[in-house]
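Student: Only the shape, not the letters, is given here:
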């Protein structure tokens, strides 16, 4: 898929923002998730779009979003014919975005999208503002997996984030001119943040609320997902230097922990 690269507006103009919501079998909550996002953006007087990436859902997710798009043309559906993985869905959303800022959140309604108002002021002088879940509302096994994953990623690459996989991220779309992400599974967020930090982008962090999933089923703890994540992390470890060199990063920015 080709990237959209429209001219970015000058700072100080009307808020120009794309929301990216990856979704897989979220027919029970996707309409409410989109409605909440639209309400927030309209309250901000934003020039916006809401992109739902349907990652090969087997339910009515695509049908529901198509209907929402007919009612509001600023709601867009982008679909994968088959399930490709979380990172693939996020990347498709990112490269489909046309506004100056890109906001990532999940389509499962575990975040309060109004809390984007906590991140927007942090973008003054920064390239990215990312959330961390103050009290993560997930089952114990997922919490344990997340703790171990953070220790592993930060140990291999230096400090990456307090909550690497928190799906509440806001960034300037121009970052994508230099940051390419190869991971298409659960390693996506780690790779995105690691490369952004190594390339010198300014990242700020802020605590956000997190709520139990109201419907549907998470897939992050499936063995196949975990195995893919470890494989992609190893590939990132082996290929990071070459990837950064192709992005034009200064050599001294490649040291772990920078």
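Tutor: Now that the structure is in, tell me what you want to look at. Source: prediction; values computed, not measured.
Student: could you pull out the helices for this structure?
Tutor: Using DSSP state H, the helices of the chain run over residues 30-43, 61-71, 86-96, 116-119, 140-157, 188-198, 223-246.
Student: Output those helices as a markdown table; include the columns distance to residue 15.
Tutor: (Each C-beta comes from the backbone N, C-alpha and C, glycine too.) Output for these, formatted as a markdown table (distance: least, CB to CB, whole Å):
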| stretch | distance to residue 15 |
| --- | --- |
| helix 30-43 | 8 |
| helix 61-71 | 21 |
| helix 86-96 | 18 |
| helix 116-119 | 10 |
| helix 140-157 | 31 |
| helix 188-198 | 22 |
| helix 223-246 | 31 |
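Student: Quick one, which of the ones you listed gets closest to residue 133.
Tutor: helix 140-157 (9.1 Å; CB to CB).
Student: Excluding covalently adjacent residues, which one is nearest to the residue most central in space within the chain?
Tutor: The centre of the chain sits closest to residue 104, judged by CA atoms, centre = their mean, with a distance of 4.0 Å. Nearest non-adjacent residue to residue 104, counting by CB to CB, 6 or more residues apart in numbering: residue 169, 4.5 Å away.
Student: what about that neighbour, distance to residue 90?
Tutor: According to CB to CB, to the nearest Å, residue 169 stands 9 Å off from residue 90.
Student: Touching both of those two, which residues are there?
Tutor: Contact with both residue 169 and residue 90 is made by residues 104, 189, according to CB atoms under 8 Å, 6 or more residues apart in numbering.
Student: Quick check on these two: which one has the bigger neighbour count.
Tutor: residue 90 (25 against 21; other CB atoms under 10 Å).
Student: Contacts only, for that one.
Tutor: For residue 90, the contacting residues are 20, 22, 53, 104, 188, 189, by CB under 8 Å, 6+ apart.
Student: ok, of these, which one's closest to residue 85?
Tutor: So of the contacts of residue 90, ranked by how close each gets to residue 85 (CB to CB), first place is residue 188, at 8.1 Å.
Student: Wait, the closest one touches residue 87, no?
Tutor: Yes: counting by CB atoms under 8 Å, residue 188 touches residue 87, with 2.8 Å between them.
Student: re the thing from before, could you pull up the residues touching the residue nearest to the centre of the chain?
Tutor: By CB under 8 Å, 6+ apart, the neighbours of residue 104 are 19, 20, 90, 93, 94, 167, 168, 169, 170.
Student: Kindly provide the distance from residue 210 to residue 187.
Tutor: To residue 187, residue 210 is 21 Å away according to CB to CB.
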